[in-house]
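>>> A predicted structure for the sequence below; I have some questions about it.
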There are 4 protein chains.
Amino acid sequence: MAVQKPTQPAPGKPAPDSTRRSEKSRRAIYDAALALVVEVGYPKTTIEGIAARAGVGKQTIYRWWSSKADVLMEAFLDLALREAGPAPYTFPDTGDLAADVKGVLRATVDQMNDPRFDVPSRALAAEGVVNEQLGRELVAKLMQPSLDLYIDRLRAAQDAGQVRPEIDPRIALELFISPLAQRWLQHTGPISHEYTDALVDYALHGLAPR
Amino acid sequence: MAVQKPTQPAPGKPAPDSTRRSEKSRRAIYDAALALVVEVGYPKTTIEGIAARAGVGKQTIYRWWSSKADVLMEAFLDLALREAGPAPYTFPDTGDLAADVKGVLRATVDQMNDPRFDVPSRALAAEGVVNEQLGRELVAKLMQPSLDLYIDRLRAAQDAGQVRPEIDPRIALELFISPLAQRWLQHTGPISHEYTDALVDYALHGLAPR
Amino acid sequence: MAVQKPTQPAPGKPAPDSTRRSEKSRRAIYDAALALVVEVGYPKTTIEGIAARAGVGKQTIYRWWSSKADVLMEAFLDLALREAGPAPYTFPDTGDLAADVKGVLRATVDQMNDPRFDVPSRALAAEGVVNEQLGRELVAKLMQPSLDLYIDRLRAAQDAGQVRPEIDPRIALELFISPLAQRWLQHTGPISHEYTDALVDYALHGLAPR
Amino acid sequence: MAVQKPTQPAPGKPAPDSTRRSEKSRRAIYDAALALVVEVGYPKTTIEGIAARAGVGKQTIYRWWSSKADVLMEAFLDLALREAGPAPYTFPDTGDLAADVKGVLRATVDQMNDPRFDVPSRALAAEGVVNEQLGRELVAKLMQPSLDLYIDRLRAAQDAGQVRPEIDPRIALELFISPLAQRWLQHTGPISHEYTDALVDYALHGLAPR
DNA sequence: ATCTAAACGAGACGGTACGTCCTGTCTTTCG
DNA sequence: CGAAAGACAGGACGTACCGTCTCGTTTAGAT
């Protein structure tokens, strides 16, 4: 009888009972949301449209999500988890840091060029830029796991003497990732394996002559 | 900088005569747009709201701009030009590349922490992520001029033997700028002078031991 | 008076077992329905609201009634029976037709000015105007018993030579009742004892001079 | 520039400028409303449905009317005025009161049996029963003009000595009209010329023997 | 006294309509 | 003719209820 949801103080709403939630509807909503974003773009994707395409009442969306961005984030997260498979997060460690990072970045490049990932994640990124709360959620749920792997790999490289010990891995990884992300988001240049390879070389050895 | 598209022969529309345009209305629209974006955020800023606040008919906006983002981009561009003053774009060259870049990045950091710049430029960046055409315009009009200065300075450093000659300055500058931009846009870490100083050091000397 | 429709062979539904019906729920639903109609008016009275106020599941209402109007009609009928007491329907016969009818009409006037009766019966009357089936039920269950008493009394008056024998009592009673009902429903004039007294005099003696 | 509507204190809304109102839309809305009410009934007639059928935005309805009932009342009033023609309201006076009233009531009966009048006016009557404000408007705009003609005719009959001088015409006319209206609204009996003829005879000569 | 089938409370579901807001177009009036 | 004003068709918003459909949980009759 109790209206559970002890984690949140429940400001006004009675909080729905998640044990009764329809799995079928959730899946249909995820699929509809992702399909619509790819087909018509994020701004023209509407909650009404998602509901109609999923064969679902609007209230079923509003009951479980707070906004269009929220729906899309979960849908995309779900997609990412399904794609990644049961053993999701690993980072190669062949002993050759440059080669390992280049490999991972090439995979990232390939994903950026796949519209199924590109369109929804651009939309989410854009929303996160303007909506700080969503942005933090995005980072925490979608990006942080991958970033942690970078950090681990960089630490291993430090232990192996391939990276200077005073380097902060948290900042170092941005030298690889941020330029790529920026190019991708802002269309400021081609996204290619050559580009990310160069990025790794520049970052590892610096711009100044030795 | 021209607002209307003189390049296009106007397939259906009569194309307004820009010589008769009301300067007062344009200013009022710029001011209203920027104020609203700062006050209520980009998504809640509407064309109707801008028109009402500017004391202007909606048609006056639709006559000269094609979208909310277009209005805001011009308004922000205008703001940037007015702030920069009559001698806008320069990049210091004391001979010490690291110091020069650190100085410029510290100024950028300060601007990012000023809400008058932060809010509108976030909004524009977000819009550009999702709307490629606008994104390209943004880059060309707002960012390219500054980026070119970085490139010039890096080239000078190459001439002075402070940067390896085989380095592509177009990619090199991303090592400074993208991590900062990314942190700023995605709230993934503090934006401080210490951070940008570290960025410059890492980028110039690389992560690997010498 | 039976609630469920034993006459209908239940085309698709299993037909609930009325012997197991919860009397407590029925009472709670009646009370909630009447209270809500008086408090917020008929249009804003909803089945969900009745269920919530009665502490009852919606299905319990849908199981036993077919519509909001149906619920209210039964609730009101129940109220009327409880108010009338165990010996409900009588009509005075003192031998003075005018006085007898005036007395009954005065009681009707008093009831029309009691919100507990006024509000629900207005709502039902309105619904019956638009929904013919409900209208007929209303007339049959709520009004016909009283009307029959009028007819009996008029017949007795005819036998006593106080009413012309060729008069149809079914039409005659409308001369008393309909003007009052009309005024009440349409707010076309004050509802008072003086008014109904005048009505009886006019109807009995006619408008034309003798 | 003034936001007129001096009759109402304009609590919050800016009050639309009626001089700019689209006559075409108004007509389309009237037609759609009347057609829908006749076709699907009042409860299933929705504002969205009217707007869709009229090829009009919902806001155009909400701008000028406050409710579905309000739309329908104006639409019906407009219909009544158009049907009545340019010389609308007259009441025959042949010197024979009974014949004159019978004639008018027969015409009323015929109208009650025409679905184009029956359905919308039932709906309005029902709404007016429950919504007092609307009910008063209905009476004032739709019924009062006709009632006044009855009163005038009855006064003339009093002057001619055909009706007792102490009779209040305002009450007297209800003896003719209310029974008919009540039968019609409540389906309590057939609506026919014979019935109204009898009504007139009963009312004029009374029920009691002379 | 136990079993069992139903009625029950609760409320999620697919829907419809609500009344509001904004879009982008069009029209009227003024300067 | 540009501009202020704002009505218009259209359509998405988020909310409220509709009537249906499960879920456990009483509860009352038959065992």
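In hand now; what should we look at?
>>> what's the closest non-adjacent residue to the residue of chain A found nearest chain B?
With Cβ to the nearest Cβ, the shortest gap between chain A and chain B falls at A:G206, namely 2.9 Å. Where you see a C-beta, it was placed from the backbone N, CA and C, and this is true even at glycine. Spatial nearest neighbour of A:G206, excluding adjacent residues (Cβ to Cβ, 6 or more residues apart in numbering or on different chains): B:G206 at 2.9 Å.
>>> So the one you found is in contact with A:L204, correct?
Yes - between B:G206 and A:L204 there is a contact under Cβ atoms under 8 Å: 5.4 Å.
>>> These two: which is more packed in?
B:G206 (24 against 19; other Cβ atoms under 10 Å in any protein chain shown).
>>> Off-centre distance for stretch A:102-109?
15 Å (Cα atoms, centre = their mean, to the nearest Å).
>>> what's the average pLDDT for that stretch?
Here stretch A:102-109 scores 95 as its mean pLDDT.
>>> Quick check, the residue in chain A closest to chain D?
A:E48 (13.9 Å).
>>> So which residues of chain A form helices?
Along chain A, the stretches classed as helices by DSSP state H are A:23-40, A:47-54, A:58-64, A:68-84, A:97-112, A:115-130, A:132-138, A:144-159, A:169-186, A:193-205.
>>> contact partners of the last one?
Applying Cβ atoms under 8 Å, 6 or more residues apart in numbering or on different chains, the contact partners of helix A:193-205 are A:97-98, A:101-102, A:105-106, A:108-109, A:172, A:175-176, A:179-180, A:183, A:189, B:167-168, B:171-172, B:174-175, B:202-203, B:206-208.
>>> For the buried ones among these, write the corresponding PyMOL selection.
Under the burial definition 16 or more other Cβ atoms under 10 Å in any protein chain shown, those of the contacts of helix A:193-205 that qualify are selected in PyMOL by:
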select buried, (chain A and resi 97+98+101+102+105+108+109+172+175+176+179+180+183+189) or (chain B and resi 167+171+172+174+175+202+203+206+207+208)
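>>> In chain A, which residue is most central in space?
Closest to where the C-alpha atoms of chain A average out (Cα atoms, centre = their mean) is A:L142, at 3.6 Å.
>>> which residue packs closest to it, ignoring adjacent ones?
According to Cβ to Cβ, 6+ apart, the nearest residue to A:L142 is A:L77 (6.3 Å).
>>> quick one: low-confidence ranges for chain A?
Per-residue confidence for chain A (pLDDT under 70) gives these ranges: A:1-13, A:85-88.
>>> For chain C, what is the nearest residue in it?
A:P14 (11.2 Å).
>>> gap between that residue and D:F76?
Between A:P14 and D:F76 the computed distance is 43 Å (Cβ to Cβ, to the nearest Å).
>>> between those two, which one's more packed in?
D:F76 (24 against 8).
>>> Could you measure from the residue of chain A closest to chain D over to DNA strand F?
Distance, A:E48 to DNA strand F, using Cβ to the nearest atom of the strand, to the nearest Å: 4 Å.
>>> same thing with A:K58?
5 Å.
>>> I figured that residue was touching A:I47, is that so?
Yes - if you go by Cβ under 8 Å, A:K58 and A:I47 touch, sitting 6.3 Å apart.
>>> Tell me who's in contact with A:R153.
With Cβ under 8 Å, 6+ apart, A:R153 has these contacts: A:91, A:93, A:97, A:100-101.
>>> What is the neighbour count of the spatially closest residue to A:I171 that is not a sequence neighbour?
Using Cβ to Cβ, 6+ apart and skipping residues adjacent in sequence, the residue nearest A:I171 is B:A198, 5.7 Å away. Neighbours of B:A198 under the rule other Cβ under 10 Å: 17.
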